[in-house]
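*Asks:* Build me a structure from this.
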Amino acid sequence: MIYYTSRDLSKRLSIHPEKWKRWARAFLPPDPLGGLQSGVARQFSIPDAFKVYLGGYLVGRLRFTMPEAEVILSDLAAWLKKAGFLDLNPLPADDILRRIGYHRIYIIEPEGNGFAYVIRTLTAPAALAGQAQGQACFRQIYMGTCEAPKSDSQQDPLLSEAVLGARVVTVSALYGHFLRHLQAHD
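*Replies:* Numbers count the residues shown, from 1 in each chain. So this is what the prediction gives:
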């Protein structure tokens, strides 16, 4: 198993080291091997590093607060694991679409508390490989599956008139980007 340090990850991913450490403290449990005073640098597995990277994306790009991003990561943790985004030994970044499919996560903030999620999956990722990402791809994406991990109803929340918008994470592309940056320095 490969482990990375905060310094190595921040350099590979072009993220300021202090920002990476702040995200790691927010999105991961305390380091079992040491603390601030121990002198032992935290070691990140690929799944842990991706959790931090995804949490940082939620905060930095999608403008969620740190506590909101923590809730979203917690809500989606089981699905991320099941979908293969938290594997210890991922395949090369170029095989991501072939291996785990093409997923978009729509994060909806209903009128009440909490979040709702719709995960759209392109079930035939080979369709994206040789094509320009044009109208045909979008039609296929919208015909994909719908999962709502925190919803009691099976109805697609995006089809409701109550939902005026959603923030979207193209998690497959983000994961591929993450792995390409890790593998570029190996």
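*Asks:* and the gap between residue 106 and residue 47?
*Replies:* Using CB to CB, to the nearest Å, we find residue 106 at a distance of 23 Å from residue 47. The way it works is simple: take the backbone N, C-alpha and C, and place the C-beta from them, glycine included.
*Asks:* The two - which one has more neighbours?
*Replies:* residue 106 (20 against 15; other CB atoms under 10 Å).
*Asks:* Quick check: residue 105 is in a helix.
*Replies:* No - looking at residue 105 with DSSP: H, G, I helix; E, B strand; the rest coil, it is strand, so not inside a helix.
*Asks:* Any buried residues in stretch 75-87, and which?
*Replies:* By 16 or more other CB atoms under 10 Å, the buried positions in stretch 75-87 come out as 75-76, 79-80, 83-86.
*Asks:* scratch that, stretch 4-22
*Replies:* By 16+ other CB under 10 Å, the buried positions in stretch 4-22 come out as 4, 6, 9-10, 12-13, 15, 20-21.
*Asks:* among those residues, which are in helices?
*Replies:* Counted as lying in helices by DSSP state H, out of the buried residues of stretch 4-22, are 6, 9-10, 12, 20-21.
*Asks:* Could you identify the most distant pair in the residues you listed?
*Replies:* By the measure CB to CB, 12 and 21 form the most distant pair in those, at 14.8 Å.
*Asks:* re the thing from before, now for the buried residues of stretch 75-87: which two are most distant?
*Replies:* Counting by CB to CB, the most remote pair of the buried residues of stretch 75-87 is 75 and 84, 17.9 Å apart.
*Asks:* and residue 165, how many neighbours does it have?
*Replies:* Counted by other CB under 10 Å, the residues lying close to residue 165 total 9.
*Asks:* List the buried residues in the helix or strand harbouring residue 57.
*Replies:* Per DSSP states H and E, residue 57 falls inside helix 46-60. Neighbour counts over helix 46-60 (16+ other CB under 10 Å) mark 46, 48-59 as buried.
*Asks:* Now distance to residue 66 and pLDDT too, for these, in CSV please.
*Replies:* Converted to CSV, those look like this (distance: CB to CB, whole Å; pLDDT from 0 to 100):
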residue, distance to residue 66, pLDDT
46, 22, 92
48, 17, 95
49, 18, 96
50, 17, 96
51, 14, 96
52, 12, 97
53, 15, 98
54, 13, 98
55, 8, 98
56, 10, 97
57, 13, 98
58, 9, 98
59, 6, 97
